[in-house]
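A.B. asks: kindly generate the corresponding structure for this input.
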Amino acid sequence: MQLIRALVLVAATTTLALAQAPGDTPPTAPPPASPTPAAGSDNDTPTQDDYRDVLAGEKPTTPDQSTTASTTSDDEPMTGTGRFGVYHDSDATTVIRGLATAAKEWGHWSLNTTAVVDAVTSASVDVKTSPALGKVDVVTGASGQSSKTGGEMSDTRYLGTIGVGWNDTRGHALSLTTSAASERDYSSVSAGLNGSIDVADRNVTLLGGFTLTDNNVSSVLDSTLHRKMSAFGWSGGVARVLTPTDAVRLRYDGKLSDGYQASPYRSVRFGDWTTTTLSTGQITFDHTIGSADGLPEKLPEKRLSTALTGEWVHALALGVGLHSSVRAAHDSWGVDSLTPALDLRIAKATWRLQLGYRLYLQSRASFFEDKYTMDPAMYSSYSSDKELGRQIGNLGSVDVATAIMEPASPNDARMMLFFHTDVFQYQYPGFVLLPSRTSAFIEAGLSWEH
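C.D. replies: Okay, here's the model as predicted:
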């Protein structure tokens, strides 16, 4: 079992965005900002920080935050991380991210916290086509801020998470996590419970859990708009060690969202329209049916999403492994997606490396059209959100970490310097306003681990 244990170490100590929440769009770095970067819908794409898993483990484990109780000592050192990252894409969106985590273990119990601040600026297509946000000298009612150039927005998102874990080191584990997020026009609170049990001489792990989220959406342009969206998510799976060099996992995820899932800023134009880009950057529409400002997008208020993920980890040598996965998803809006991925992971005594690639294929929602050419009364739902249309995505990632300070005693933590980068390229076939988008996320930081 030496090779498989070394391979689990590789999985536990390298970054992997392997399984997004069902119904979400493909993982990216800090979510590309629409007029409301996190509107409480599935368009709030997750980050690579959100989905780090140990293949045969029961809960997320990261290079920054070890959640597996390896001993029962009350003298475990505190671990944590400090990070700084920058995201930028060809759709004129920039996100500056600061992130900090801390974790402490006491015997079978552990406590971990995370704080994230995302500063977003954007002149994306969604912003420039917004009838209000795209104008010059717009003063928003909620913030009092003004746009002097037009077609730009900015916001800051704050996210805090705290989790409590229990692990008896004999194959039984439980964790409870709560989080809260806030922006000028959005807030949410959530809570989740996850657990696992090892059976069959600890060669098989049964895992499951659920999450509840309550979202509140408002608008900086309309002080009377206050909408809610709630979501219930669940997950279940089984992981098995097949041989000393192979392990597999099969997981099923589900999510039911109910409430307001649109953006209060995004509008839909009707007819065989054409566009003109003004010197201010604002995009205007001609030859529309009805007003050139269009109508606010209208989406169904219920969305049921399901996903099935299969994974295989194979050890090539001690501390060297391949992780492959395939995820298939479907939701009640008619969006189907397929996500194959492959990672090479190397974990040595003083350094770690991960190279990864992911392909993302998505069909359009049943009600989505690149152009709604008929009268608005002919459609029960409509949206100009490109994330609901066809997508072809390619993601490459590199993670490098090296030890810069070794522990002086068993009760000390060692310091790691790490660097992470993602490069994305998405195509939106048929979407006239933005046929493709290229983006990159670069992140560096220090971590203390035991």
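A.B. asks: kindly export whichever helix or strand Thr213 is part of (C-alpha atoms) in CSV.
C.D. replies: Of the helices and strands defined by DSSP states H and E, Thr213 is found in strand 204-218. Backbone C-alpha positions of strand 204-218 (Å, rounded to 0.1, in the frame of the first residue of the first chain) are rendered in CSV as follows:
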residue,chain,number,x,y,z
VAL,A,204,-13.8,1.5,0.7
THR,A,205,-15.0,5.0,1.7
LEU,A,206,-18.7,5.9,1.7
LEU,A,207,-19.3,9.7,1.7
GLY,A,208,-22.2,12.1,1.6
GLY,A,209,-23.4,15.4,2.6
PHE,A,210,-25.8,18.4,1.9
THR,A,211,-25.7,22.2,1.7
LEU,A,212,-28.3,24.9,2.3
THR,A,213,-27.9,28.4,0.8
ASP,A,214,-30.0,31.5,1.1
ASN,A,215,-29.3,34.3,-1.3
ASN,A,216,-30.5,37.9,-1.4
VAL,A,217,-30.3,39.9,-4.6
SER,A,218,-30.8,43.7,-5.0
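A.B. asks: show me the contacts for the closest residue to Pro429 other than its chain neighbours.
C.D. replies: Residue nearest to Pro429 in three dimensions, not counting chain neighbours: Arg390, with 4.9 Å by Cβ to Cβ, 6 or more residues apart in numbering. (C-beta placed from N, C-alpha, C; glycine too.) Under the criterion of Cβ atoms under 8 Å, 6 or more residues apart in numbering, the neighbours of Arg390 are Gln362, Ser363, Arg364, Tyr428, Pro429, Gly430, Phe431.
A.B. asks: show me where the stretch 201-350 of the chain has its strands.
C.D. replies: Using DSSP state E, counting those that start in this stretch, the strands found in the stretch 201-350 of the chain span residues 204-218, 226-243, 246-259, 267-268, 274-277, 283-286, 295-296, 302-317, 320-331, 336-347.
A.B. asks: quick one: these as TSV, columns for distance to Val120, mean neighbour count and mean pLDDT too.
C.D. replies: Converted to TSV, those look like this (distance: least, Cβ to Cβ, whole Å; neighbours: other Cβ atoms under 10 Å; pLDDT from 0 to 100):
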stretch	distance to Val120	mean neighbour count	mean pLDDT
strand 204-218	16	19	96
strand 226-243	20	17	96
strand 246-259	23	19	97
strand 267-268	20	20	94
strand 274-277	22	12	92
strand 283-286	20	16	92
strand 295-296	22	15	94
strand 302-317	25	19	96
strand 320-331	26	19	97
strand 336-347	25	19	97
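A.B. asks: out of these, which gets nearest to Leu193?
C.D. replies: strand 204-218 (5.7 Å; Cβ to Cβ).
A.B. asks: strands paired with the closest one, and their directions?
C.D. replies: Strand pairing for strand 204-218, determined by DSSP bridges: strand 186-199 (antiparallel), strand 226-243 (antiparallel).
A.B. asks: which parts of the first one are buried?
C.D. replies: Taking 16 or more other Cβ atoms under 10 Å as the neighbour-count basis, strand 186-199 is seen to contain the buried residues Tyr186, Ser187, Ser188, Ser190, Gly192, Asn194, Gly195, Ser196, Asp198.
A.B. asks: find the nearest non-adjacent residue to the third one, please.
C.D. replies: To tie it back to what came earlier, the one meant is Ser188. Nearest to Ser188 is Asn215, by Cβ to Cβ, 6+ apart, at 4.4 Å.
A.B. asks: show me what contacts Leu99?
C.D. replies: If a contact means Cβ under 8 Å, 6+ apart, then Leu99 has Asp49, Thr81, Gly82, Arg83, Phe84, Gly85, Thr114, Ala115, Val116, Val117, Gly445 as its contacts.
A.B. asks: turn those into TSV, columns for pLDDT, neighbour count and secondary structure.
C.D. replies: Compiled in TSV, the contacts of Leu99 are given as follows (pLDDT from 0 to 100; neighbours: other Cβ atoms under 10 Å; DSSP: H, G, I helix; E, B strand; the rest coil):
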residue	pLDDT	neighbour count	secondary structure
Asp49	32	24	coil
Thr81	95	22	strand
Gly82	97	15	strand
Arg83	96	19	strand
Phe84	97	13	strand
Gly85	97	23	strand
Thr114	97	21	strand
Ala115	98	14	strand
Val116	97	20	strand
Val117	97	14	strand
Gly445	97	21	strand
